[in-house]
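Asker: quick one: sequence and predicted model below, then my questions.
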Amino acid sequence: MKYLSPFLGAVLVVMNIDSAYAADRFTYEAKTFQEALAAGKPILVHVTAPWCGTCKMQKPIVAALGAQREYTALTIFDVDFDTQKDAMRQLNIQQRSRLVVFKDKAEIARAVGITSHEAIKVLMQKAL
């Protein structure tokens, strides 16, 4: 058992290093979003609902892309379609499975219902 501990420690260090290169991800809060926007950070807003099949297809793709080093500067905000109606009004969003991209303090792209890995990647790259 003594030999497992250093190995496990090394694995945890590597996992932490990898997560240091991932996009920041938050549940949408107006203040946090406005701070990121005012700072000119690249932002992806992802509107989902737990019962939405399209959203369920998008989530692992957004998560996998967000975990890549390329997206270290990206901030992802998750908005719950059912419970965050204020956020949806603030962002002028009416539909679930919506992806909205902000760059240099301005919205630059929107997409709804896309589930292709490549299409989501292209959209996320626009923020960088």
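Answerer: Thanks, I have it. Residues are numbered from 1 along each chain as shown.

Asker: can you pull out the strands in the protein?
Answerer: 24-27, 43-48, 75-80, 98-103, 106-112 (DSSP state E).

Asker: highest mean neighbour count out of those?
Answerer: Of the strands of the chain, the one with the most neighbours on average (mean count of other CB atoms under 10 Å) is strand 43-48, at a mean of 23. Using the backbone N, CA and C atoms, a C-beta is placed for each residue, glycine as well.

Asker: what's near enough to touch the residue nearest to the spatial centre of the chain?
Answerer: The structure's the chain has its C-alpha centroid closest to residue 76; by CA atoms, centre = their mean the separation is 3.0 Å. Contacts for residue 76 were tallied using CB atoms under 8 Å, 6 or more residues apart in numbering; they are 23-26, 43-46, 62, 66.

Asker: how far off centre is stretch 42-58?
Answerer: Distance, stretch centre to chain centre, for stretch 42-58: 9 Å (CA atoms, centre = their mean, to the nearest Å).

Asker: if anything else comes up later, I'll come back, but that's it for now.
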